[in-house]
Structures are given as C-alpha cells and as structure tokens.
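# Structure for this input, please:
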Amino acid sequence: MGQVLAIGAVGIAGYGLLRLAWHIWKRLRFISTHRARDNQRLRVVAETKSGKEYVLEMAQLATQDASKASQSAEQAQRQSEAAWRDQIRARRHEDELVRKAEEAKRREQNIQAGMQRIATQRETRRAQEKVRSAQQASKEIAERARAAQAAAEKAAREAAEYASAAKEAQEEAEERLKRGIQPVVIPTLDEVAAAKTRVQYEQGRFHFAVAGVAGSGKSSFINAIRGVENRHQDAAETGVVETTVAIGRYPDPKLDLPFVWYDIPGAGTLQQPDWLYFNAQGLFVFDCVIVLFDNRFTETDIAILMNCRRFQIPTYIVRSKADVHIRNIMYEYGYDSAHDEGPRRESLYRTARERFIADTRANVKRNLQQAELP
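Numbering: from 1, shown residues only. The predicted structure follows:
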C-alpha cells in the first residue's frame, strides 16, 4: 500500500514539472515573436536630454491627457445627456403606451359595456316580444274560447232544435205508422238491381205498376186495359178476395206496343202490411205507377203517392168499379131496372155518371190537400 502511494506522489510531481516547463517555453516563444508595446512616458524619459525638457514633455503629456480626459468627459456627458434624453423618450413612450393601454382598456370596457347594453337591449326586446307573443296568444286563446263557447251554444241550440225536430219527426212517424204510411227508406244500388231482376225489368220497354189496397180491382183493370177477358189464359187472375200474392208480369198483347203491366199484390192484407207496401214491392224501379182505389181514398194510397213523389215516378190515380158506383147512384135517384127503360134510364145514367165523376174528383182533391201533395 505504501509503495503505491509513493509511486503516485512521484507521478504527480513529475506531471507538475512538465507543465511548468511547457508554460516557460510558451512565454519565451511569445516574447520572441511579438514586439514590445510603445510606452510614451518611457519614450520621453529615454529621449529627454535635461530635467526641464522632461518636465515640459511631461506637462505637455499631462495636458494632452487632460484634454483627452475632458473630451472623454464631454463625450460621456453627451452620451449621458443622450442616454437621459433616450430615457425621457423611453419614459414618454412608456407613458404613451400606458395611456394607450388604459385608453384601449377603457374602450374595451366601453365596448363591453356597450355590448352588455346591446345584449340587455336584445334581452329586453326579446322579453317584450315574448310578452307581446304571450298577449297575442292569450288574445287568440280568448277568441278561440269565445268562438268555442259560441259554437257550443250554437251546437246546444241546434241540438235542442234537432231534438225537438227529431221528437216531432218521431211523433209524426209514429202517427204515420199508425195510419199505415211507410217511413222513407232509400234503397241501395244492390236493392234496386235485385228489384229489377225480380220483375224482369227490360231496357227499351215501359213498365206500369198497378198498385192499391186489396180488392180494389187491380187484376180486372189490367185485363181491361190490355183488351183481354178475365177468362183468357193470359189474363190476370181475378176474384172476390185478394188473389194476387206475388207480382204478376203481363206484357201487352200487341207486340208493337213496348208496354209491360204488373199486377202488384194488394196492400192491407195479412200477407202485405200497409207500411211495408211501397219498398217491399220494389215500386221504386217502375217507370209509372197507377194507384187504383175503390170506394174511398185511403192512407195507403197517400203513402204510395208520397213515395212516388220522392222517387220522381210519374203517377196516375184511377177509381175502379165505376159501373157499380154509377148504378148505385142511379138507384138512389129512384131507378127501377124492371120499369125504367129508354129515355129515363139514359137521363139517370148521365146524371149518376156526372155525380160519380164530381164525387171522385172532390174526394181525391181533398185527400191530396190533406197530404200536402200537388
């Protein structure tokens, strides 16, 4: 261990000597390669020949140094003044910048305040607009409420009127049903087509329906108008009681006449109630309806005529069994078939016939007026 330390110390000492030798060599080399600086005072001493000259030379050098120092001082003063001016300018510039910064800050504050005012104004306008909208909405709601109330009152009035009208219509319908008048029922297209199929309706022909109460002589009327006797094979079946239970179809025997006659079952029988008569028999499909009555004009005849008017079907009113009625009137006037012949019989017949026609017209007119039919 001691040997190692001794070797280390010797090594360090040797390194120090080598470094010192290197620095000495470097200084000597610098002196040999560089000239010595010119020292004016040393040069004056070297050139001075006497003490007075030395003093004068030194005074001159001092004066030169003083002049240089004065110039340096003036230059330093000038530089100081320039620095001071620069400092003043810098302070002024700084103050100006501060002022501008404050002004900019004030402008910003003013802008912010203005923006806040604008925002406040906008908010105020929005609030005012909302108030106006709310007022308008409230006004509209009030108007709608008033309109709804008016509509409700009108609806209530109309409902009351409808209820009253419905009650009157119900009472009228019940009264009409009691009198045998059928309610108004509009058939559908399917019902019209079915009725036309049932009666064998043909385009290009004119279809007559002979309708009326039971026992009014409908079948005899059809046979008579077709020119066919009751016993003919093509004649409509006749009898004392109602014999027609289904619609009978009888084309005209003359082929050049496009007429088809229909014997409609009589109304007022157990088979055919009065109030079902018009629609049940499909009278709405015929081109013309002949209402046949015997002694009196009934409510069933009125119902048929009213429905024909609703469906715009041409209608004729015919009184049947005229010969029987005229003969009965002749008997009222004292006619005796066993003794009255010739002129008396003819006179009574004309008188009875005129009375029959007058009575029939008066009866029909009176019943039509009561039913408010033209």
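
# Do a quick rundown of the strands in the stretch 251-374 of the chain.
For the stretch 251-374 of the chain, the strands defined by DSSP state E, counting those that start in this stretch cover 259-263, 288-293, 315-319.

# Which helix or strand in the chain has the lowest average pLDDT?
helix 40-47 (a mean of 53; mean pLDDT, DSSP states H and E).

# How many residues are close by G215?
18 (other Cβ atoms under 10 Å). (Glycine included, C-beta is placed from N, CA and C.)

# quick one: pLDDT of it?
pLDDT for G215: 77.

# Packing partners of the helix or strand where L97 lies?
Assessed by DSSP states H and E, L97 sits inside helix 51-178. If contacts are counted by 3 or more Cβ pairs under 8 Å, 6 or more residues apart in numbering; DSSP states H and E, helix 51-178 sits against helix 40-47.

# Where does the prediction get shaky in the stretch 101-250 of the chain?
Across the stretch 101-250 of the chain, the ranges flagged by pLDDT under 70 are 162, 165-166, 169-170, 173-174, 176-185, 233-234, 238-245.

# rewinding a little: could you redo the strands of the stretch 251-374 of the chain as TSV and give each row mean neighbour count and mean pLDDT?
Below are these laid out as TSV (neighbours: other Cβ atoms under 10 Å; pLDDT from 0 to 100):
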stretch	mean neighbour count	mean pLDDT
strand 259-263	21	91
strand 288-293	22	91
strand 315-319	18	90
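
# Let's have those in a markdown table, adding distance to R106.
Shown next, in a markdown table, are the strands of the stretch 251-374 of the chain (distance: least, Cβ to Cβ, whole Å):
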| stretch | distance to R106 |
| --- | --- |
| strand 259-263 | 111 |
| strand 288-293 | 106 |
| strand 315-319 | 105 |
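
# for the ones you listed, which one sits closest to G114?
strand 315-319 (93.1 Å; Cβ to Cβ).

# Residues contacting that closest one, please?
For strand 315-319, contacts defined as Cβ atoms under 8 Å, 6 or more residues apart in numbering pick out 221, 288-294, 301, 304-305, 308-309, 325, 360, 364.

# quick one: which of the residues you listed is nearest to S67?
For those, the nearest to S67 is R309 (150.9 Å; Cβ to Cβ).

# Thank you kindly, that will do.
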